[in-house]
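Q: After the sequence you'll find the predicted model.
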Amino acid sequence: DAKTTQPPSMDCAEGRAANLPCNHSTISGNEYVYWYRQIHSQGPQYIIHGLKNNETNEMASLIITEDRKSSTLILPHATLRDTAVYYCIVRVGSGGSNYKLTFGKGTLLTVNP
Amino acid sequence: DTEVTQTPKHLVMGMTNKKSLKCEQHMGHRAMYWYKQKAKKPPELMFVYSYEKLSINESVPSRFSPECPNSSLLNLHLHALQPEDSALYLCASSQASPWGKETQYFGPGTRLLVL
């Protein structure tokens, strides 16, 4: 699976949009970008995933660049409860070792009042 | 509903004890997973069950013994653990084959302390 690079930490003001970047310059054509987050001492929570197109759900938006070498997770109106470690994971669509989510170090997002 | 439940939430055990962790899901998912997360580290895969059969063992020591009694339940039996096995143990499930692109949903975890 392609490796990902994320900033170790970011801050965001409550009510503002949080934009979390992820670089995956070696991503292959059949690899998806997944985002999970983990609030302190809880299990990882699925947020969103995408292949090529931008995606949006009730939690967040995922913007993938046209060359697919990077992506941005957007939390439109961050709240204190969004403080968590955010993991960007690249995962092949089928076969190989795609049964395994390979978590990197993630980004600790701190939402400040 | 994407709920995976795990019991107990916390567990303290001695190195000679035998204990079990339990994971349950009622989403009809046919793939279930155990991950281990040491403090300040990301989760790492331990085992994968597909349709109630063990499909993947990521070279986990035999003192960890998984069991899948039915499609909704996953256990992790612990015996003769070491203090370095203290960690957060996470269960996850996904809808069908682990080799598809189905999303994995995680439970809240069991925090284990081995004394």
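A: Received the coordinates, thanks.
Q: Spatially central residue in chain B, please.
A: Nearest to the mean C-alpha position of chain B, by CA atoms, centre = their mean, lies B:Trp34 at 2.9 Å.
Q: quick check, it in a strand?
A: Yes. Counting by DSSP: H, G, I helix; E, B strand; the rest coil, B:Trp34 is part of a strand.
Q: show me where pLDDT drops low in the chain?
A: No chain specified, so I'll use chain A. Along chain A, the model assigns pLDDT under 70 to residues A:1-2.
Q: actually it's chain B I care about, not the one you picked
A: Checking chain B against pLDDT under 70 turns up B:1-2.
Q: what does chain A have sitting close to chain B?
A: Taking CB under 8 Å from any CB of the partner chain as the contact definition, chain A meets chain B at A:32, A:34, A:36, A:41-46, A:49, A:87, A:91, A:93-96, A:98-101, A:103-106. Heads up, the C-betas are built off the backbone N, CA and C, glycines and all.
Q: doesn't B:Tyr89 make contact with the residue nearest to the centre of chain B?
A: Yes. Here B:Trp34 reaches B:Tyr89: they are 6.6 Å apart, a contact under CB atoms under 8 Å.
Q: Select only the buried ones of the residues of chain A next to chain B in PyMOL?
A: Of the residues of chain A next to chain B, the buried ones can be selected in PyMOL as follows, counting by 16 or more other CB atoms under 10 Å in any protein chain shown:
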select buried, chain A and resi 32+34+36+43+44+45+46+49+87+91+98+99+100+101+103+106
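Q: Run through the residues that contact residue 51.
A: I'll assume chain A. A:Tyr32, A:Val33, A:Ile64, A:Gly93 (CB atoms under 8 Å, 6 or more residues apart in numbering or on different chains).
Q: Sorry, I should have been clearer: chain B.
A: B:Arg30, B:Ala31, B:Ser71.
Q: Go through stretch B:77-93 and flag the buried ones.
A: For stretch B:77-93, a neighbour-count test (16+ other CB under 10 Å) marks B:Leu78, B:Leu81, B:Asp85, B:Ser86, B:Ala87, B:Leu88, B:Tyr89, B:Leu90, B:Cys91, B:Ala92, B:Ser93 as buried.
Q: Next: stretch B:52-59.
A: By 16+ other CB under 10 Å, the buried positions in stretch B:52-59 come out as B:Glu52, B:Ile56.
Q: pretty sure B:Ala96 is touching B:Glu102, no?
A: Yes. Contact criterion CB under 8 Å: B:Ala96 and B:Glu102 qualify, at 5.7 Å.
Q: any shared contact partners between the two?
A: B:Ala31.
Q: Can you say which two of the contacts of A:Leu51 are spatially most distant?
A: Spanning the widest gap among those are A:Ile64 and A:Gly93, at 14.4 Å by CB to CB.
Q: I'd guessed A:Ala18 sits against A:Cys12; true?
A: Yes. A:Ala18 lies in contact with A:Cys12 (CB under 8 Å); the separation is 4.2 Å.
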